[in-house]
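Undergrad: need a structure here:
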Amino acid sequence: MTILQERTQTAGETANPPMRRNASITPYLFLLPYFVLFAGFMLLPAIYGLWISLHDWDYLLPGKPFVGLDNYQALFDPASAVFDFFWQSMQATGIFTVASVPLLLVVPLAVALLINRKFPGRTFFRAVYFAPYVLGVAVIGVLWRFLLDPNLGAVNALLGTTTPWTTDLPWAWISLVGVTVWWTLGFNAVIYLAGLQDIPRELYEAARIDGGGKWAEFRHVTLPGLRPVLLFVVINTVLNSANMFGQAYLITQGAPGVETRTAIMYIAQTGLRDFKMGSAAAMSYLLTLALLLISLIIFRLFRTKD
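TA: The predicted structure is shown next:
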């Protein structure tokens, strides 16, 4: 009997290590499809784009001479052909981001606080606020292009004015920001709403017992409870606003002149219309670096101590 037990114990000890090794490999096998897709559609294109930015790259021509950092240097050389246009597009991107981000942080929060309350038809209003977000940018752009047309648009017809919503400043910016806020506030509102529902009700009850009013509850309970959600919403909103393309391309077409032509819009025109893929790639990486620095600053501002 003792010999049988020893053999069984020995067999178990020899069988366990392979099982442990298989168990350690299993999570990576489940992650393998994601790694393949990430490498194929994100990592390799990013590396290839960096390689393109070091060349005078015209994909219609067989010769693509290596130019090193010349494409990057041209972006900082006032005498180059792309300097003024690129930094004007970066300025347009900054104007849109600064104008739209505060509204996309405050208005959805107000909507979330409203629809978080219990009242008849609450589910219906939640769907109404989120509904525009499910539409594609092409639908939104074409729709508002006709509605805001200075001559035949329904907005001017209803207001009885001739406001140049898409052809003059500051109306073009007001149109782009207004349309974007109307279109995307539902997404941020849903994120805020999920965060609000995770805040324990006991904290609000304790605030009321301490004699705090609505403002005190919002300042000392709601905002601290939403801190992780706010970090996600702020970064996501800043990145989306800085990468705005479809609204300007479809609604204002960069007008008046090129005042509302954003960086992504100019990069697309440089690479796909002017066939200067190397210069466009350099612009893309410079924009990426700027957004990375902004994201790091936002992370630092939201960093909390244990």
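
Undergrad: tell me if residue 211 really is in a strand.
TA: No - applying DSSP: H, G, I helix; E, B strand; the rest coil, one finds residue 211 to be coil, outside a strand.

Undergrad: how close does it sit to residue 157?
TA: 53 Å (C-beta to C-beta, to the nearest Å). For glycine as for every other residue, the C-beta is placed from the backbone atoms N, C-alpha and C.

Undergrad: wait, residue 261 touches residue 88, no?
TA: Yes - shown here, residue 261 and residue 88 form a contact pair, counting by C-beta atoms under 8 Å, at 7.5 Å.

Undergrad: which of these two has more neighbours?
TA: For residue 261 versus residue 88, neighbours defined as other C-beta atoms under 10 Å are more numerous around residue 261 (22 against 16).

Undergrad: so who does the closest residue in space to that one that isn't next to it in sequence touch?
TA: Closest residue in space to residue 261, ignoring its immediate chain neighbours: residue 254 at 3.6 Å, by C-beta to C-beta, 6 or more residues apart in numbering. Going by C-beta atoms under 8 Å, 6 or more residues apart in numbering, residue 254 touches 248, 260, 261, 265.

Undergrad: which secondary structure element contains residue 254?
TA: Assigned by DSSP states H and E, residue 254 belongs to neither a helix nor a strand.

Undergrad: what separation do you get for it and residue 126?
TA: Taking C-beta to C-beta, one finds residue 254 at 36 Å from residue 126.

Undergrad: please compute how far the helix or strand hosting residue 177 lies from its chain's middle.
TA: Taking DSSP H and E as the definition, one finds residue 177 inside helix 171-197. Computed by C-alpha atoms, centre = their mean, to the nearest Å, the chain-centroid distance of helix 171-197 equals 12 Å.

Undergrad: repeat for stretch 277-296
TA: 15 Å.

Undergrad: contact partners of it?
TA: By C-beta under 8 Å, 6+ apart, stretch 277-296 touches 49-50, 52-59, 64, 67, 71-72, 74-75, 82, 86, 90, 93, 235, 238-239, 242, 263-264, 266-268, 270-272.

Undergrad: helices - which of those land there?
TA: 49-50, 52, 71-72, 74, 86, 90, 93, 235, 238-239, 242, 263-264, 266-268 (DSSP state H).

Undergrad: please check these and keep the buried ones.
TA: Neighbour-count burial (16 or more other C-beta atoms under 10 Å) applied to those gives 49, 52, 71-72, 74, 86, 90, 93, 235, 238, 242, 263-264, 266-267.

Undergrad: among those residues, which pair sits farthest apart?
TA: With C-beta to C-beta as the measure, no two of those lie farther apart than 74 and 235, at 30.2 Å.

Undergrad: how about residues contacting the host helix or strand of residue 207?
TA: With elements taken from DSSP H and E, the one containing residue 207 is helix 201-209. Identification of contacts with helix 201-209 by C-beta under 8 Å, 6+ apart yields 216, 217, 220, 221, 225.

Undergrad: repeat the analysis, applying 10 Å as the threshold.
TA: The contact list for helix 201-209 (C-beta atoms under 10 Å, 6 or more residues apart in numbering) reads 200, 212-214, 216-222, 224-225.
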